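Novice: Model the structure of this input:
(chains A and B)
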Amino acid sequence: MDINEIQNIVEDDGIIFLTYGGFLSQSLIASMTEALEKEAESNDLKMSISNNIFTIFIELSQNMMNYSKSKDINDNSIKPEGLIIVSRDNNGNYFIDSRNIISREDKDKIEPKLIEIDSLDLDGIKKRYKELRRSGKNTHGKGGGIGFYEIAKRCDKIEYDFKEINENKFYFHIKTFLLEKKEQL
Amino acid sequence: MENLTIQATKYTPEINLDTFGMISLTGKSYPENTFDFYEPMMQWVREYFASSPADETVVNMEIIYFNSSSSKLFFDFFDLLDEVKENHRISINWIYDEENESAEEAGEDFIEDFENLDIKLVVK
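Specialist: Numbering: from 1, shown residues only, chains lettered A, B, ... in the order given. Coordinates of the predicted model:
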């Protein structure tokens, strides 16, 4: 991806808070979260918005880190890497965008969740989140399977897209929107 | 039984477990392996209630933000408290900053999920 393409991701004359492409590790995610905290602070962001940005950023980047681990040992072709961008447009809307390569197995796990989330309103998402958290009792999976519901609770809109690379690999793109609330009018 | 203290990191809270009846978690929570990270705490809490706990146990949780697996872990932690509450007096304070709406909502959700536990929302 060239730099023009990154600029196109940010609509109008928006501001990029953070962009990273490459190998992900937990300590890197923590440092980037810290950088986001500094940005939020210097932009006087309300805690209610900034905490949602941090949480979505953490979920998406930890997902990217983990996709590479969920496969069998014989296939080491997916690395814990991807592209993640946090940005804001002129209207005060925030976007968190992530792109990476996933296995078909992960696509088959993720897609039904995203389809379900798309069919629910916010109350429905919150209800489902609590149901899944309760039913997942004692299942010690990586994320407990509620990560996308956590993201959905904290943003206004999710767009996503899977593009097939070959029969085992897909490009996965997900963009979350935190829209400036109209209630302030 | 000995007290257990775990220092905070950039992505894990400070944890203080005191046999005098105090369990406290303060900070952020998004470990890479959440269940592994919290296992020593969960183990301590299980042993504590199985041995000779204080007359009253106070749980203070002040988590600024957290990932979804931490949310799951906190659910399991409350579930553990729920299982021992018949024989022990436990009061839980879910502490958050006034402006931290998502933390407030998370506390309200836990109150709904564990209606038999004494969970209080405490604004800092």
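Novice: For the nearest residue to residue B:123 once chain neighbours are set aside, grab phi and psi.
Specialist: The shortest distance from residue B:123 to any non-neighbouring residue, by CB to CB, 6 or more residues apart in numbering or on different chains, is to residue B:98 (5.2 Å). To be clear about C-beta, it is placed using only N, CA and C from the backbone, and glycine gets the same treatment. Dihedral pair for residue B:98: phi -50, psi -40, per degrees, to the nearest 10.
Novice: next one: the one 3 residues further on
Specialist: Geometry field for residue B:101 lists phi and psi as phi -60, psi -40, criterion degrees, to the nearest 10.
Novice: how much space between it and residue B:45?
Specialist: Applying CB to CB, to the nearest Å, the value for residue B:101 to residue B:45 is 29 Å.
Novice: Which one's more surrounded, those two?
Specialist: Neighbours per residue, other CB atoms under 10 Å in any protein chain shown: of residue B:101 and residue B:45, the larger number sits with residue B:45, 21 against 16.
Novice: CA-only coordinates of the helix or strand harbouring the more buried one, as CSV, when you get a sec.
Specialist: Take DSSP states H and E as the rule and residue B:45 turns out to sit in helix B:34-50. C-alpha atoms of helix B:34-50 as CSV (Å, rounded to 0.1, in the frame of the first residue of the first chain):
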residue,chain,number,x,y,z
THR,B,34,-6.2,-12.5,30.1
PHE,B,35,-7.1,-15.8,31.8
ASP,B,36,-3.4,-16.7,32.4
PHE,B,37,-2.7,-13.2,33.8
TYR,B,38,-5.6,-13.4,36.3
GLU,B,39,-5.2,-17.0,37.3
PRO,B,40,-3.0,-16.2,40.3
MET,B,41,-5.7,-13.8,41.5
MET,B,42,-8.5,-16.2,40.9
GLN,B,43,-6.5,-19.0,42.7
TRP,B,44,-5.9,-16.7,45.7
VAL,B,45,-9.5,-15.7,45.9
ARG,B,46,-10.6,-19.4,45.8
GLU,B,47,-8.2,-20.3,48.5
TYR,B,48,-9.1,-17.3,50.6
PHE,B,49,-12.8,-18.2,50.7
ALA,B,50,-12.0,-21.9,51.3
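Novice: Pull out the buried positions in it.
Specialist: B:34-35, B:37-38, B:41, B:44-45, B:48-49 (16 or more other CB atoms under 10 Å in any protein chain shown).
Novice: for it, the distance to its chain's centre please.
Specialist: Put simply, helix B:34-50 sits 11 Å off its chain's centre (CA atoms, centre = their mean, to the nearest Å).
Novice: Likewise for stretch A:96-111?
Specialist: 11 Å.
Novice: What of stretch A:165-178?
Specialist: Put simply, stretch A:165-178 sits 11 Å off its chain's centre (CA atoms, centre = their mean).
Novice: swap in stretch B:17-34?
Specialist: Offset of stretch B:17-34 from its chain centre (CA atoms, centre = their mean): 6 Å.
Novice: and that stretch, does that touch chain A?
Specialist: Yes: counting by CB under 8 Å from any CB of the partner chain, chain A is contacted by stretch B:17-34 at B:30-33.
Novice: Would you check which pair of these lies furthest apart?
Specialist: The most widely separated members of those, counting by CB to CB, are B:30 and B:33 (11.0 Å).
Novice: Noted, bye for now.
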